[in-house]
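> Provide a 3D model corresponding to the input given below.
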Amino acid sequence: MKKDAVISLIAILIVAGITYGLSVMKLDLKPVASTPFSTTVGKTEGTGHVIMRVNGEPVTEEEFQAVYTQMPEDVQQQFATAQGKSAFAEQVIRIKLLEQEARRRGMDKDPRIAAALSASRMDILSSAMAQKLVTTPTDQAVRDFYAGNKTRFEGVPVEHILIAYAGGVAQPRQGKTPPPEPQALAKAQEIVKEIRGGKSFGEMAVHFSDDIASAERGGEMGTFSRGMLPPELEQRVFTLKPGEVSDPIVSRYGVHIFRVGPHSIQNLEQVRPAISRRVQQQNTLDRIEVLRKQAKVEFDSKFFPDRAPRSTAKKPS
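Numbers count the residues shown, from 1 in each chain. Here you go, the predicted structure:
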């Protein structure tokens with residue numbers, strides 16, 4: 001019973017995948033006449049280990065594994081046993097039969113399907129090549145990036161009071177109706193005035209902040225580095241001096257009041273993995289750009305009118 005349920009699940013996933021693929025391609029398929037079909041058409045015997053044949057057409061272990069790894073991880077786990085492998089094979093057989101029937105009907109000759117197949121091939125090969133281009137950056141490259149970009153790794157502890165307003169993302173506590181933005185701004189200005197006059201930032205956050213999570217901690221949000229806050233807020237927060245309370249800042253979330261602690265720079269070992277990934281990505285992009293500069297590309301001027309070559313000949317006077 002369990003096996004039947006699992007097979008039903010995978011069948012649903014396959015049908016959903018086929019349906020999704022067709023919806024994305026948006027093919028306007030016209031009826032085509034059936035043609036004599038041979039399982040050898042469009043298929044060559046590969047060098048991989050053949051694990052089964054469908055109507056005489058081989059399916060290699062590599063092909064089987066490629067289909068398997070496309071499934072969600074939780075589904076893969078259900079087919080990890082020997083019995084599960086056999087159950088999954090039944091679904092691969094059905095996929096193969098659909099592919100064979102499509103070729104029998106000449107669907108692989110449809111220009112849009114052929115284009116989609118070509119695009120898939122291009123995507124797979126380009127991704128594989130991009131992975132080949134990725135090299136582990138040297139320790140010196142990581143150190144150089146860190147030294148030249150230390151401001152990216154600046155962190156600052158942030159305290160926060162948020163006042164919700166009508167139309168903003170944040171909602172007031174206890175289901176209250178949010179005030180109009182001008183009233184929320186006026187309330188925030190009054191809170192800032194009282195804090196600068198000696199009132200405790202933490203106590204004001206507990207009593208007035210609509211950011212419930214931080215309000216429970218007296219407004220403490222934790223330490224933020226660059227890129228973690230919305231840009232319109234980050235710029236204001238990182239210009240504050242330690243202990244300084246900001247003027248009210250209006251955003252799409254609400255009206256904010258910030259106070260920050262001492263700025264610090266994360267040490268190299270804390271950010272080494274992130275830097276390594278960043279340098280790897282940049283190295284790959286740089287190598288791709290070298291290929292682009294060396295490539296000869298010709299554009300269809302009707303399809304790309306902005307790429308049409310411009311005449312440099314002077315007009316007769």
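> helices or strands next to the lengthiest helix in the chain in the packing?
When the chain is scanned for its longest helix (criterion: DSSP state H), the result is helix 268-294. Here helix 268-294 touches helix 111-133, helix 139-148, going by 3 or more C-beta pairs under 8 Å, 6 or more residues apart in numbering; DSSP states H and E. Heads up, the C-betas are built off the backbone N, CA and C, glycines and all.
> Turn the ones you listed into JSON lines, columns for mean neighbour count.
JSON lines is the format used below for the helices and strands packed on helix 268-294 (neighbours: other C-beta atoms under 10 Å):
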{"stretch": "helix 111-133", "mean neighbour count": "11"}
{"stretch": "helix 139-148", "mean neighbour count": "14"}
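> Out of these, flag the one nearest residue 96.
Nearest of the helices and strands packed on helix 268-294 to residue 96, taken as C-beta to C-beta: helix 111-133 at 15.7 Å.
> OK, contacts around residue 172?
Residue 172 is in contact with 164, 178, 210, counting by C-beta atoms under 8 Å, 6 or more residues apart in numbering.
> for the chain, what helix or strand is lowest in average pLDDT?
helix 2-25 (a mean of 44; mean pLDDT, DSSP states H and E).
> Parallel or antiparallel, list what pairs with the very next helix or strand once past it.
Going down the chain from helix 2-25, the next helix or strand is strand 50-54, by DSSP states H and E. Counting by DSSP bridges, the strands paired with strand 50-54 are strand 57-60 (antiparallel).
> Rebuild the contacts of residue 172 as TSV, extending it with distance to residue 137.
Formatted as TSV, these follow (distance: C-beta to C-beta, whole Å):
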residue	distance to residue 137
164	45
178	49
210	44
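> Dump the residues you listed into CSV; add pLDDT and neighbour count as well.
Listed next are those as CSV, based on pLDDT from 0 to 100; neighbours: other C-beta atoms under 10 Å:
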residue, pLDDT, neighbour count
164, 95, 23
178, 92, 18
210, 95, 23
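> Closest one of those residues to residue 191?
Among the contacts of residue 172, and counting by C-beta to C-beta, the member closest to residue 191 is residue 210, at 11.8 Å.
> Give me the three-state assignment for that closest one.
Of the three states, residue 210 takes coil according to DSSP: H, G, I helix; E, B strand; the rest coil.
> Kindly provide the distance from it to residue 149.
As judged by C-beta to C-beta, to the nearest Å, residue 210 and residue 149 stand 36 Å apart.
> can you check residue 266 too?
From residue 266 over to residue 149 (counting by C-beta to C-beta), the distance is 11 Å.
> cool, residue 246 as well?
26 Å.
> do the same with residue 96
51 Å.
> Of these two, which one has the most company?
With neighbours defined as other C-beta atoms under 10 Å, residue 96 and residue 149 compare such that residue 96 has more, 20 against 13.
> Let me know whether residue 256 touches residue 158 as I believe.
No. The criterion here is C-beta atoms under 8 Å, and residue 256 misses it with residue 158 at 10.2 Å.
> what about the helices in the stretch 151-300 of the chain?
Per DSSP state H, counting those that start in this stretch, the stretch 151-300 of the chain carries helices over the ranges 181-196, 201-208, 212-215, 231-237, 268-294.
> For residue 104, find the nearest of those.
helix 268-294 (39.4 Å).
> list the buried ones in that closest one?
268, 271, 275, 276, 278, 279, 280, 283, 284, 287 (16 or more other C-beta atoms under 10 Å).
> how much does it deviate in direction from helix 111-133?
130 degrees (axes from the mean of the first three to the mean of the last three C-alpha atoms, to 10 degrees).
> Using CSV, write down the CA coordinates of stretch 184-200.
Taking C-alpha atoms only, stretch 184-200 is exported to CSV below (Å, rounded to 0.1, in the frame of the first residue of the first chain):
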residue,chain,number,x,y,z
ALA,A,184,2.8,58.8,13.8
LEU,A,185,5.6,61.1,12.9
ALA,A,186,4.6,63.6,15.6
LYS,A,187,4.5,60.8,18.1
ALA,A,188,7.9,59.6,17.1
GLN,A,189,9.3,63.2,17.4
GLU,A,190,7.9,63.4,20.9
ILE,A,191,9.6,60.1,21.8
VAL,A,192,12.9,61.3,20.5
LYS,A,193,12.6,64.5,22.5
GLU,A,194,12.0,62.6,25.7
ILE,A,195,14.9,60.2,25.1
ARG,A,196,17.3,63.0,24.4
GLY,A,197,15.9,64.6,27.6
GLY,A,198,17.0,61.7,29.7
LYS,A,199,14.3,59.0,29.3
SER,A,200,15.5,55.4,28.9
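> That's all I had, so thanks and see you.
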